[in-house]
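Chemist: Below is the sequence, then the predicted model.
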Amino acid sequence: MRFLLADNAGCGYRSVLRNPLGELMTGLSWGLVGGGEGSQIGFTHRAGAELDRKFRLAAGAFDIQPTRSRAFGAGLGLNPKRVYGDWREMLAAETRRQDRLDLVTVATPNASHFEIASAFLNAGFHVLCEKPLTTTRETARQLSEIAAASGRICAVNFGYTGYPMVRQMRGMVQRGELGDLRLIKSEFAAGFLADTEIDKNPRVGWRFDPEKAGVSFVMADMGSHALHMATFVTGRNVSRICADFANGVAGRRLEDDAWVAFRLQGGIIGRLWVSGVALGRTHGLTFQLFGSKGGLSWKQEHPEQLQWTPLGEATRILERGSPHLHAEAQRANRITEGHPEGMVLAFANIYRDLAEAIASDQLEHSTDSANWAFPDVEEGRHMVDAVCAAAESSAEGCRWLRLS
């Protein structure tokens, strides 16, 4: 991740103080668009962002309905003058403030991501956008260019990359411990869409609407996490993809199940299954990676443990919190071994990385920058490319397509 932090009068991040250990001593100012009452992800963002006291929630436009937005902000104890009826009102007011926000998180339906994220970037705010970054290749490309021109950070919330044992896998790959990488098998299978009544839930139903969700539901919403995991851990992008989108429940406008074959750069074989109609599966994100010297297996429902099988040896369990893990995993660890962590702390690792990057004027010369692992706009753009290509492949009878 390489970007410039442009000067911008009124940005508070340049006045952040550090204690003798180099840690932030005051919270950066943070705002949230979306994530209000009933949001599937709002609480996790709020808890993760404020866990380390490196961010403090100062402003928000939490709901598409202004009255609900203001009521939700009041319930959080925010200054009423910084709780807004919509994101445009928030943007206009926060741009004028001397104590303007250091970071804005966009946690709204997919189709709104580009408009909101680009507006805040153009106004000089750092942005963390929920995935998918946008719904089309063209808008993803445009947002990447806007971020580069603005000199602001545009990060994408592939939140599972914050788990310590995911960062351990990445560290093992970077050190060559798996040898030549050969095969990936990734799944994100759940059963929450098996009941057709959920289609009537406004927090879920919009995801089947192409006008709001884009070209895909489960592949964009869940499968992109599983596919991004492959690129994050290996450091290789997707080069080719072939997909079959299907509906376990007839009549839905977007898929509720998908099978995807892919190849990463260097010829690594990839297999991916994503589903919302797999009754008996709850969350279901699993990731396996096989190389010439060994294999790894990780399950998000049991995130504390990583199975490691070196060539010719018995499988061993690597435990989160163990002193024998690599530095990347140690840095992401927060609670002693045997006491379970979870998703909030994974999100907190993303926000901590962002806080330290925002507070640094010299990113490329920082001794910590190698450990900042938040997914950036280019990773988000690549996943939009992959999801769009998968949808095209399925529509063309599962034809293999090459990503540019």
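Modeler: That came in fine, so what should we check first? Numbering: from 1, shown residues only.

Chemist: Give me the pLDDT value at the residue located most distally from the centre of the chain.
Modeler: Residue farthest from the centre of the chain, counting by C-alpha atoms, centre = their mean, is G312 at 35.7 Å. Note for G312: predicted pLDDT of 97.

Chemist: Would you agree it falls within a helix?
Modeler: No: assigned with DSSP: H, G, I helix; E, B strand; the rest coil, G312 falls outside any helix and is coil.

Chemist: And the strands in the stretch 301-404 of the chain, which stretches?
Modeler: Remark: strands assigned in the stretch 301-404 of the chain by DSSP state E, counting those that start in this stretch are 305-310, 316-319, 401-402.

Chemist: Would you mind putting those into a markdown table with mean neighbour count and distance to N237 alongside?
Modeler: Every residue, glycine included, has its C-beta placed from N, CA and C. Output for these, formatted as a markdown table (neighbours: other C-beta atoms under 10 Å; distance: least, C-beta to C-beta, whole Å):
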| stretch | mean neighbour count | distance to N237 |
| --- | --- | --- |
| strand 305-310 | 18 | 24 |
| strand 316-319 | 14 | 27 |
| strand 401-402 | 12 | 12 |
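
Chemist: For those, give me a markdown table that also has distance to F114.
Modeler: A markdown table is the format used below for those (distance: least, C-beta to C-beta, whole Å):
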| stretch | distance to F114 |
| --- | --- |
| strand 305-310 | 36 |
| strand 316-319 | 39 |
| strand 401-402 | 23 |
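
Chemist: Minimum distance to G214: which of these has it?
Modeler: Smallest distance to G214 across the strands of the stretch 301-404 of the chain (C-beta to C-beta): 17.2 Å, for strand 401-402.

Chemist: Check which helices and strands the closest one sits against.
Modeler: The contact analysis (3 or more C-beta pairs under 8 Å, 6 or more residues apart in numbering; DSSP states H and E) places strand 401-402 against strand 238-246, helix 377-395.

Chemist: Sheet partners, orientation included, of it?
Modeler: Note on strand 401-402: by DSSP bridges, its sheet partners are strand 238-246 (antiparallel).

Chemist: Please enumerate residues in contact with the partner strand?
Modeler: 216, 219, 227, 230-231, 255-265, 270, 382, 385-386, 389-391, 393-395, 398-403 (C-beta atoms under 8 Å, 6 or more residues apart in numbering).

Chemist: just the CA coordinates of it, formatted as CSV?
Modeler: Taking C-alpha atoms only, strand 238-246 is exported to CSV below (Å, rounded to 0.1, in the frame of the first residue of the first chain):
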residue,chain,number,x,y,z
VAL,A,238,-7.0,-13.6,-9.9
SER,A,239,-5.9,-14.1,-13.6
ARG,A,240,-8.8,-16.2,-14.9
ILE,A,241,-12.3,-17.2,-13.6
CYS,A,242,-15.2,-19.4,-14.5
ALA,A,243,-18.5,-19.4,-12.7
ASP,A,244,-21.9,-20.9,-12.4
PHE,A,245,-24.5,-18.8,-10.6
ALA,A,246,-27.8,-20.5,-9.5
